[in-house]
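Undergrad: predicted model follows, preceded by the sequence.
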Amino acid sequence: MKFLKKYSFLIGIIIFILIVMRLDFSKLITILNEINYFYLFFAIPFLVPMLVIKAYRWNYLKKRQGINYSFKESFLMYGSGMYIGILTPGRLGEIGKIFFLKNDHCSLGKSAVSIVLDRLADLIFLLFFGYFGLLFFFSFFKNFILILSLILVLSLILLIIFLKTNLIQFFLKKIFYLIIPFKYQKSWKINFQDFINELKIYKFKNYLFIFITTFFSWLAYYLHNFLLARSIGINTVSFLFISITITIAALISLLPVSILGLGTRDATLILLLSAFSISQEIAISFSFLILLMAVLMGLICFACWLIRPIQLPKVSKKIC
């Protein structure tokens, strides 16, 4: 079991190899040689606002707790955390941002709140929009949609029961321990009550702001990928369906079985774009461009890491 957890990313690599073995390389090379650099050039800048908005959202979350960093500091820390996340299956490494706040003498419970909410904001958005998107591909995901619908209904019923019986704290505690890496659960004194108390700070208007910023960060990402699709010759698929396809691929890429979505994203794009008579060579070329942009984003985040790396030694200045 420990072996499977450690090397689970190999599943994505195996899927990728199986896909590559079925490709027509002459057609693939032709497609890549005919890339429209006009669309590609205008796609790249959308990476920046996506990162800026996410960093601003995290800074907003921290400030509600009285954890005050400049936007510049938050941007560098967020980019540094994303750099770790890019290198880890399921982007679990982004939880590493907790080290910044922990080292500035915030309790683990307090440090975890903004990071958990930041991750949940993207996850909830993807789940809702992804579920909506799956309905457009009902023929592909009929059984999966039915199972997911059942899970959502049961989850809603359980949430109502938790709220009525004051078990919501038990539910949140399970999420908290699920997100915090096991080795840190053993070495740190985890103050869960601190986590709950800090969570109560946020009001409806705060969650509304979180939703708005999350929407615009993903809108920038969708526009980015729409231009990438146009650059590779995908001209018959609308912006909405490109966005839905990217959302489903992003959801599947969150599974801790690949790095940078290698294999899982490729298979998803081939499957979904086939509904629009897009060849697997074009789909894999599109996936390659997404991977290339992820590497570019990784370089931006690596620069953030060089300037503001996550360090274990404690910082003397106390800010919260």
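TA: Looks like it arrived, so ask away. Numbers count the residues shown, from 1 in each chain.

Undergrad: CA atoms for contacts and neighbours, from now on please.
TA: OK.

Undergrad: what's near enough to touch Leu127?
TA: Leu251 (C-alpha atoms under 8 Å, 6 or more residues apart in numbering).

Undergrad: can you count the residues close to Ala220?
TA: Residues near Ala220, counting by other C-alpha atoms under 10 Å, number 20.

Undergrad: list the buried residues of the helix or strand hosting it.
TA: In this assignment (DSSP states H and E), Ala220 forms part of helix 204-231. Within helix 204-231, the residues that qualify as buried are 210-211, 213-215, 217-231, counting by 16 or more other C-alpha atoms under 10 Å.

Undergrad: give the next helix or strand downstream of it.
TA: Heading C-terminal from helix 204-231 (DSSP H and E), you reach helix 239-253.

Undergrad: output the next helix or strand after that following helix as PDB, nothing but the C-alphas.
TA: With elements assigned by DSSP H and E, the helix or strand that comes after helix 239-253 is helix 264-273. The C-alpha trace of helix 264-273 is given here as PDB (Å, rounded to 0.1, in the frame of the first residue of the first chain):
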ATOM      1  CA  THR A 264      -5.000  11.700 -17.300                       C
ATOM      2  CA  ARG A 265      -5.500  15.000 -19.000                       C
ATOM      3  CA  ASP A 266      -4.400  13.600 -22.400                       C
ATOM      4  CA  ALA A 267      -6.900  10.700 -22.100                       C
ATOM      5  CA  THR A 268      -9.700  13.000 -21.000                       C
ATOM      6  CA  LEU A 269      -9.200  15.500 -23.900                       C
ATOM      7  CA  ILE A 270      -9.000  12.700 -26.500                       C
ATOM      8  CA  LEU A 271     -12.300  11.300 -25.200                       C
ATOM      9  CA  LEU A 272     -14.200  14.600 -24.900                       C
ATOM     10  CA  LEU A 273     -13.000  16.200 -28.100                       C
END
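
Undergrad: identify all contacting residues around helix 264-273.
TA: For helix 264-273, using C-alpha under 8 Å, 6+ apart, the contacting residues are 12, 15-16, 19, 137, 245-246, 248-250, 252-253, 258, 278-280, 283-284, 287.

Undergrad: for the helix or strand just after it, buried residues please.
TA: Going down the chain from helix 264-273, the next helix or strand is helix 280-307, by DSSP H and E. By 16+ other C-alpha under 10 Å, the buried positions in helix 280-307 come out as 280-291, 293-294, 297-298, 300-305.

Undergrad: name the helices or strands packed onto helix 280-307?
TA: With contacts taken as 3 or more C-alpha pairs under 8 Å, 6 or more residues apart in numbering; DSSP states H and E, helix 280-307 sits against helix 25-33, helix 71-86, helix 204-231, helix 264-273.

Undergrad: closest to Val52 out of those helices?
TA: For the helices and strands packed on helix 280-307, the distance to Val52 is smallest for helix 71-86, at 6.9 Å, taking C-alpha to C-alpha.

Undergrad: for that closest one, which positions count as buried?
TA: Quick answer for helix 71-86 (16+ other C-alpha under 10 Å): 73-86.

Undergrad: show me where the stretch 1-150 of the chain has helices.
TA: 2-6, 10-20, 25-33, 37-43, 47-64, 71-86, 98-103, 108-134, 138-164 (DSSP state H, counting those that start in this stretch).

Undergrad: make JSON lines from those and add mean pLDDT to it.
TA: Converted to JSON lines, the helices of the stretch 1-150 of the chain look like this (pLDDT from 0 to 100):
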{"stretch": "helix 2-6", "mean pLDDT": "53"}
{"stretch": "helix 10-20", "mean pLDDT": "83"}
{"stretch": "helix 25-33", "mean pLDDT": "90"}
{"stretch": "helix 37-43", "mean pLDDT": "93"}
{"stretch": "helix 47-64", "mean pLDDT": "93"}
{"stretch": "helix 71-86", "mean pLDDT": "87"}
{"stretch": "helix 98-103", "mean pLDDT": "74"}
{"stretch": "helix 108-134", "mean pLDDT": "83"}
{"stretch": "helix 138-164", "mean pLDDT": "66"}
